[in-house]
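A.B. asks: got a structure for you, letters missing:
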């Protein structure tokens with residue numbers, strides 16, 4: 001055993017008493033002990049002295065490095081940008097953006113990155129960001145209002161600072177989306193030769209339809225449907241009220257027509273009676289001779305047809321006060337009455353003395369002598385312009401109700417599609433799959449029919465994602481979905497996205513042999529598709545591991561039993577090397 005020198009022993013004892021290895025303070029401890037015991041450094045061997053000298057040199061370098069780091073930190077702290085400067089830079093950015101000032105494009109660094117609130121593209125250069133900014137200004141040319149809610153400034157270094165702002169955007173148009181949502185903007189400023197420039201900008205605006213805990217905006221769509229239903233109910237009540245009013249008006253008109261018939265009968269008896277009734281009637285009553293020429297009009301006719309007196313009517317034909325396009329129809333009505341046919345009220349466009357037109361309702365009847373031969377005609381005319389206007393409003397209301405009903409149906413259809421379809425692949429989602437599996441197995445159970453369930457998993461999908469990125473991963477799943485749709489199209493067959501990179505297919509009326517054949521068809525089709533998989537150790541392309549479970553559905557055969565069996569078969573396919581089919585019978 002090598003004996004330690006006295007100096008080594010004292011240095012080691014000192015180190016043990018302080019709980020540390022005898023470095024890098026060996027020389028100080030040894031020197032201190034030597035002085036205290038009046039010993040000379042000659043007690044140390046040359047090897048001890050060289051080792052202690054190296055340790056002291058290393059300690060000196062460590063101390064100098066630490067001191068330099070402390071000096072750098074102190075300098076950085078002294079050179080950090082002023083918070084007010086960065087705050088002013090951020091506010092200047094908002095001011096130029098809100099006023100649509102193209103000078104904003106000069107504030108971006110040549111080394112720039114960022115993304116917009118509504119885009120899915122990462123911008124990696126200044127030119128592209130300037131183009132996006134100018135496109136923004138061109139879309140909304142008028143100034144906008146930005147309501148700043150909160151701002152945080154972080155000075156990271158002498159030339160780097162970050163500003164994070166929360167604000168609301170108010171467009172120069174009526175807006176119920178952006179003005180309600182909180183926008184978040186992060187700007188990274190860098191001090192360059194030309195001054196402070198923006199090297200990064202990222203803005204985010206939450207998807208305004210999605211509520212807490214939702215993936216699809218079902219809540220908002222439901223609320224919209226409820227609003228539309230309320231609107232339809234309100235319009236229906238209005239239409240019902242209008243219809244009721246119309247029925248009352250028609251009833252009144254029918255009663256008045258009956259009354260006018262009585263008046264017409266009285267007119268045959270006495271000219272004086274005619275004039276008395278004509279003057280008393282709120283409607284225009286016109287009497288003609290057997291040739292259809294006017295011999296008597298009521299005072300109401302003056303205002304109704306804007307005439308200056310009776311001379312504008314007397315001796316003229318009734319047809320002169322109807323627009324030319326309606327005269328043939330009026331003659332046809334007179335001919336029917338002459339034949340004894342009972343006709344109801346007619347509607348025409350009346351022609352006033354000044355050439356203007358309006359809507360009139362006409363009731364007419366022949367005046368007959370004792371033998372029943374026509375001697376003239378009594379014509380009762382009513383201005384129905386207000387009623388026609390109401391009918392027009394009612395038709396417009398019906399049209400709008402139809403549009404609202406169509407929109408409601410469209411929204412309901414969209415809601416159903418979102419509730420049962422996977423948005424990425426277009427296949428049935430898991431909710432649809434579970435409901436369909438339960439329904440199809442109940443149908444098969446009634447006749448103890450054969451049934452198969454297939455579950456497939458994309459081989460080494462995580463490696464694919466890690467190698468090519470999530471966007472390529474999504475495209476991979478879409479390609480698998482295309483192969484599934486092309487492979488399974490018989491009635492009752494339902495391919496679905498089961499979860500993540502797992503897919504499932506419901507195969508009604510399908511026994512073990514056919515089920516295995518179908519599964520092998522899917523596996524081969526996927527491999528033949530030849531979609532490149534650079535990280536797979538099974539094949540150079542995307543492949544599937546498949547498990548299929550078949551059963552004759554009886555009372556104890558539940559969806560869970562079939563799912564568990566198919567999942568177990570899938571596990572065996574993956575364990576035995578992947579890109580294969582494992583079939584089991586339940």
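C.D. replies: The structure has been received and is ready for your questions. Everything numeric in this text was worked out from a predicted model, so none of it was measured.

A.B. asks: Relative to residue 334, how far out is residue 341?
C.D. replies: Using Cβ to Cβ, to the nearest Å, residue 341 is found at 11 Å from residue 334. For glycine as for every other residue, the C-beta is placed from the backbone atoms N, C-alpha and C.

A.B. asks: cool, residue 65 as well?
C.D. replies: Applying Cβ to Cβ to residue 65 and residue 334 gives a distance of 118 Å.

A.B. asks: So for those two, which sits in the more crowded spot?
C.D. replies: Legend: neighbour count by other Cβ atoms under 10 Å for residue 65 and residue 334, higher for residue 334 (19 against 10).

A.B. asks: Go ahead and list the helix or strand containing the more buried one.
C.D. replies: Using DSSP states H and E, residue 334 maps to helix 324-338.

A.B. asks: For that helix, list every residue counted as buried.
C.D. replies: For helix 324-338, a neighbour-count test (16 or more other Cβ atoms under 10 Å) marks 326-327, 330, 333-334, 337 as buried.

A.B. asks: Same question for stretch 248-256.
C.D. replies: Neighbour counts over stretch 248-256 (16+ other Cβ under 10 Å) mark 253, 256 as buried.

A.B. asks: next one: it to chain centre, how far?
C.D. replies: 51 Å (Cα atoms, centre = their mean, to the nearest Å).

A.B. asks: ranges for the strands of the stretch 251-400 of the chain?
C.D. replies: Assigned by DSSP state E, counting those that start in this stretch, the strands in the stretch 251-400 of the chain fall at 284-289, 294-297, 346-351, 357-368, 374-383.

A.B. asks: So residue 233 versus residue 226, what's the distance?
C.D. replies: 11 Å.

A.B. asks: Repeat that for residue 549.
C.D. replies: 43 Å.

A.B. asks: What of residue 117?
C.D. replies: Distance, residue 117 to residue 226, using Cβ to Cβ: 29 Å.

A.B. asks: Who has more neighbours out of those two?
C.D. replies: Set residue 117 next to residue 226 and count neighbours by other Cβ under 10 Å: residue 117 wins out with 15 against 10.

A.B. asks: residue contacts, that one?
C.D. replies: Going by Cβ atoms under 8 Å, 6 or more residues apart in numbering, residue 117 touches 183, 203-205.

A.B. asks: picking up where we left off before, just send the strands of the stretch 251-400 of the chain back as JSON lines, with mean pLDDT, distance to residue 516 and mean neighbour count too.
C.D. replies: As requested, those are arranged in JSON lines below (pLDDT from 0 to 100; distance: least, Cβ to Cβ, whole Å; neighbours: other Cβ atoms under 10 Å):
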{"stretch": "strand 284-289", "mean pLDDT": "91", "distance to residue 516": "90", "mean neighbour count": "22"}
{"stretch": "strand 294-297", "mean pLDDT": "91", "distance to residue 516": "96", "mean neighbour count": "20"}
{"stretch": "strand 346-351", "mean pLDDT": "93", "distance to residue 516": "76", "mean neighbour count": "19"}
{"stretch": "strand 357-368", "mean pLDDT": "90", "distance to residue 516": "77", "mean neighbour count": "18"}
{"stretch": "strand 374-383", "mean pLDDT": "91", "distance to residue 516": "83", "mean neighbour count": "20"}
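
A.B. asks: In TSV, list the ones you listed along with distance to residue 189.
C.D. replies: TSV is the format used below for those (distance: least, Cβ to Cβ, whole Å):
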stretch	distance to residue 189
strand 284-289	84
strand 294-297	89
strand 346-351	74
strand 357-368	72
strand 374-383	75
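
A.B. asks: related to what we said a few turns ago, so what touches the helix holding residue 334?
C.D. replies: Counting by Cβ under 8 Å, 6+ apart, the neighbours of helix 324-338 from elsewhere in the structure are 292, 318-319, 322, 343, 346, 348-349, 362, 364-366, 374, 377.

A.B. asks: Need the residues you listed in a markdown table (columns: distance to residue 101).
C.D. replies: Written out in a markdown table, the entries for these read as follows (distance: Cβ to Cβ, whole Å):
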| residue | distance to residue 101 |
| --- | --- |
| 292 | 78 |
| 318 | 73 |
| 319 | 71 |
| 322 | 66 |
| 343 | 74 |
| 346 | 68 |
| 348 | 64 |
| 349 | 59 |
| 362 | 69 |
| 364 | 75 |
| 365 | 79 |
| 366 | 82 |
| 374 | 85 |
| 377 | 79 |
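
A.B. asks: What is the most widely separated pair among the residues you listed?
C.D. replies: Comparing every pair within these by Cβ to Cβ identifies 349 and 374 as the most remote, at 26.2 Å.

A.B. asks: show me the residues around residue 123 that make contact.
C.D. replies: Residue 123 makes contact with 112-116, 129, 132 under the criterion Cβ under 8 Å, 6+ apart.

A.B. asks: Which of these fall in strands?
C.D. replies: Judged by DSSP state E, the subset of these located in strands is 112-115.

A.B. asks: For these, which two are the farthest from each other?
C.D. replies: Farthest pair in those (Cβ to Cβ) is 112 and 115. Separation: 11.4 Å.
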